[in-house]
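J.: only geometry, no sequence info:
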């Protein structure tokens, strides 16, 4: 039984890591195809990728869309969570349900809906329209995380600040938000990773300037290439670095 | 004061989630004349979806693939989560979990592409099996349903391992101890104590899997190819090649309806606000 557990664990890790190992290994392929046999090690594909203007532009676009849309989602989500956790409003349950609802809807449907709306209103597609879509998918997440983090502990501190004459905006941004710094940071970075990696909304709601997943998608159309492996490996490296940094500096403190 | 703080989030959700959805439903009752969208109240798109075999087949394909993926993923993820929660020493559990979901952090598009390198005609699996002399001809895995399912299962095993682990670790060891004291064997303890207690977590994870899987375009498009279309592939095809936005909208409404039915089917176990 015990041995079987370790065998299962090893098999599971092998399955989970197989595509990643293949991806990274063949990004160094000294040949035109990222499949066996392995023909030697080269860094040419990385050089090619980093010298590709469209790719670098897409990477910058993705970083901007992810940062701005996550900030908007975080501010909106935090304010709403603060209000719903503190003040008894009629229909609180209904409001919570509505703010969470986009979580249960496929991204494809959110994208199509926005496309229908933007078409009808004559809004031109751009990085901004994709960013609006990304706020829609990340707002429920930021709201839920902020809402779950609000406790009685913060409540007394807020009351104390109010008693000492602090106006409401000061209570919010100088007392509540700093006390929730760790969960708010977690919500922000989770949103950033979702937005950074999101494909279908960005694909349908951008036109000329595109984000990184959309650019990678168009690379795939020209067939298998170690260049795609190199891009994938770079994205993986950046994300893992971000996760490790978060794990050390943010999530450790949440507990 | 309360309203003032909720208002921005509420208005955003109304303007960019509820209103677009209404616009999409309205559009689903329009029809095409040549290249022009003619608005009106024409249920023709829905009639077509349920009478045209290509449309119906795509819906069935999506349902079948999603069901298979959800079941396999739960069956694979549960033991993995349990081994990490009960067998791996406490101080290594966080690391074991982080490693188990590490590929999560590769780009979604790239992950499907990586499976293509593994499963393709000249891919790693075929080259290995040919090299070992186990097969004479390369297996046709890429561009089939099997490849789509493997790609999906890979992703959802990671997701479900996380949610199921979070559930298992919250269980007090006293339950298992009490069951053992009352004479229950390992299997009986699992069947009658652990499993019922973790069922809500498993169902929440399974529902998330269902929603994400049935609405995904990338994995079936890259790994399954165009031999057998899923609903999202059909939607994108209507949108792109045919430019038939009304039909794409109607198909999306159907997709949405399927997810809603699934939600109510397992709502008694779901705790979405506590994922």
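T.: Arrived safely, thanks for sending. Fair warning: this is a prediction, and the values are worked out from it, not measured in the lab.
J.: can we go C-alpha only for contacts and neighbour counts from here?
T.: Noted.
J.: List the residues that contact residue A:96.
T.: Residues near residue A:96 by CA atoms under 8 Å, 6 or more residues apart in numbering or on different chains: residue A:84.
J.: Quick check, pLDDT for it.
T.: Turning to residue A:96, the model gives it a pLDDT of 88.
J.: Quick check: residues of the stretch 51-200 of chain A near chain B?
T.: Residues of the stretch 51-200 of chain A lying near chain B by CA under 8 Å from any CA of the partner chain: A:76-77, A:79-84, A:87, A:89, A:95, A:98-100, A:102, A:104-110, A:112-117, A:132-133, A:136, A:139, A:144, A:197-200.
J.: Out of those, which end up buried?
T.: Buried residues within these, counting neighbours by 16 or more other CA atoms under 10 Å in any protein chain shown: A:76-77, A:79-84, A:95, A:98-100, A:102, A:104-110, A:112-117, A:132-133, A:136, A:139, A:144, A:197-200.
J.: domain ranges for chain B?
T.: B:1-42, B:53-274 (automatic domain parsing).
J.: Format these as JSON lines; extra columns: mean pLDDT.
T.: Output for the domains of chain B, formatted as JSON lines (pLDDT from 0 to 100):
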{"stretch": "domain B:1-42", "mean pLDDT": "90"}
{"stretch": "domain B:53-274", "mean pLDDT": "89"}
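J.: And those: which comes nearest residue A:14?
T.: Between residue A:14 and the domains of chain B, the shortest separation by CA to CA is 9.7 Å, and it involves domain B:53-274.
J.: Could you list the low-pLDDT ranges of the stretch 101-250 of chain A?
T.: A:250 (pLDDT under 70).
J.: Now intersect the residues of the stretch 51-200 of chain A next to chain B with the helices, please.
T.: A:76-77, A:79-84, A:95, A:98-100, A:107-110, A:112-117, A:132-133, A:136, A:139, A:144, A:197, A:200 (DSSP state H).
J.: tally of neighbours for residue B:228?
T.: By other CA atoms under 10 Å in any protein chain shown, 18 other residues sit near residue B:228.
J.: Correct me if wrong, but it is in a helix.
T.: No: according to DSSP: H, G, I helix; E, B strand; the rest coil, residue B:228 belongs to no helix; its state is coil.
J.: who's in contact with it?
T.: B:58, B:61, B:144-145.
J.: How about residue B:176?
T.: Contacts of residue B:176 (CA under 8 Å, 6+ apart): B:189, B:193-194.
J.: Then residue B:246?
T.: Taking CA under 8 Å, 6+ apart, we find residue B:246 in contact with B:27-32, B:37, B:45.
J.: For the chain, which segments are assigned as helices?
T.: You didn't pick a chain, so chain A it is. Going by DSSP H, chain A shows helices at A:2-25, A:44-50, A:53-86, A:92-100, A:107-121, A:127-149, A:152-163, A:168-170, A:177-179, A:181-197, A:200-205, A:212-220, A:226-246, A:252-254.
J.: Please refer instead to chain B.
T.: B:2-13, B:19-28, B:44-51, B:53-86, B:90-100, B:108-119, B:124-131, B:145-170, B:173-181, B:186-189, B:195-214, B:218-219, B:231-240, B:245-265.
J.: that older thread, can you convert the contacts of residue B:176 into TSV and add a column each for neighbour count and distance to residue B:65?
T.: Below are those laid out as TSV (neighbours: other CA atoms under 10 Å in any protein chain shown; distance: CA to CA, whole Å):
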residue	neighbour count	distance to residue B:65
B:189	19	32
B:193	16	31
B:194	18	29
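J.: ok, of those, which one's closest to residue A:30?
T.: Of these, the one sitting nearest to residue A:30 (CA to CA) turns out to be residue B:194, at 51.7 Å.
J.: Please determine how far that closest one is located from residue B:88.
T.: 18 Å (CA to CA, to the nearest Å).
J.: repeat for residue B:222
T.: 36 Å.
J.: Just want to know which of these two has more residues nearby.
T.: residue B:222 (23 against 16).
J.: List the residues that contact the more buried one.
T.: Neighbouring residues of residue B:222 by CA under 8 Å, 6+ apart: B:112-113, B:116, B:143.
J.: Restricting to these, which residues neighbour chain A?
T.: The subset of those within reach of chain A, by CA under 8 Å from any CA, is residue B:113.
J.: Are any of the contacts of residue B:222 buried, and if so which?
T.: For these, buried by 16+ other CA under 10 Å: B:112-113, B:116, B:143.
J.: Which residue is the nearest non-sequential neighbour of residue A:45?
T.: residue A:227 (5.1 Å; CA to CA, 6 or more residues apart in numbering or on different chains).
J.: I figured that neighbour hits residue A:46, correct?
T.: Yes: look at residue A:227 against residue A:46 with CA atoms under 8 Å: they come within range, at 7.0 Å.
J.: More neighbours: the two, which one.
T.: residue A:227 (25 against 20).
J.: which ones are touching the more buried one?
T.: By CA under 8 Å, 6+ apart, the contact list for residue A:227 reads A:27, A:45-46, A:48-49.
J.: now it: how far from chain B?
T.: Here the criterion is CA to the nearest CA, to the nearest Å. By it, residue A:227 lies 12 Å from chain B.
J.: hang on, the earlier thing: how about TSV for the domains of chain B, with distance to residue A:20 added?
T.: Shown next, in TSV, are those (distance: least, CA to CA, whole Å):
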stretch	distance to residue A:20
domain B:1-42	35
domain B:53-274	7
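J.: right, so of the ones you listed, which gets closest to residue A:5?
T.: domain B:53-274 (6.4 Å).
J.: contacting residues for residue A:207?
T.: Residue A:207 makes contact with A:125-126, according to CA under 8 Å, 6+ apart.
J.: which among the contacts of residue B:176 gets closest to chain A?
T.: Minimum distance to chain A across the contacts of residue B:176 is 15.8 Å, recorded for residue B:189 (CA to the nearest CA).
J.: what does the stretch 101-250 of chain B put close to chain A?
T.: B:101-103, B:105-111, B:113-115, B:117-118, B:122-124, B:127, B:154, B:158, B:208, B:211-212, B:215-217, B:232, B:249.
J.: wait, doesn't residue A:13 sit right on residue B:100?
T.: Yes: Residue A:13 is within contact range of residue B:100, at 6.3 Å (criterion: CA under 8 Å).
J.: who's more crowded, the two?
T.: Applying other CA under 10 Å to residue A:13 and residue B:100 shows that residue B:100 carries more neighbours, namely 25 against 16.
J.: I am assuming the more buried one contacts residue B:158, so please confirm or correct that.
T.: Yes: assessed by CA under 8 Å, residue B:100 is found in contact with residue B:158 at 6.6 Å.
J.: joint contacts of those two?
T.: residue A:16.
J.: follow-up on the earlier one: what sits in contact with each of residue A:227 and residue A:46?
T.: residue A:27.
J.: who touches the one residue in the stretch 151-255 of chain A that gets nearest to chain B in this structure?
T.: Proximity of the stretch 151-255 of chain A to chain B (CA to the nearest CA) peaks at residue A:236, 4.6 Å away. The contact partners of residue A:236, by CA under 8 Å, 6+ apart, come to B:105-107.
J.: Go again with 10 Å.
T.: Shown in contact with residue A:236 (CA atoms under 10 Å, 6 or more residues apart in numbering or on different chains): A:20, A:24, A:230, A:242, B:102-107, B:110.
J.: Tell me the one of these nearest residue A:184?
T.: Distances from residue A:184 to those, taken by CA to CA, are shortest for residue A:242, at 16.0 Å.
J.: Now do that closest one: how many residues are near it, please.
T.: Neighbourhood size, residue A:242 [other CA under 10 Å]: 14.
J.: In contact with it, which residues?
T.: Neighbour list for residue A:242: A:189, A:193, A:236, B:105 [criterion: CA under 10 Å, 6+ apart].
J.: repeat for residue A:59
T.: Taking CA under 10 Å, 6+ apart as the test, what residue A:59 contacts is A:53, A:65, A:196, A:210-213, A:215, A:235.
J.: how about 7 Å then?
T.: Applying CA atoms under 7 Å, 6 or more residues apart in numbering or on different chains, we find residue A:59 in contact with A:211-212.
J.: Mind pulling the model confidence for it?
T.: At residue A:59, the model reports a pLDDT of 93.
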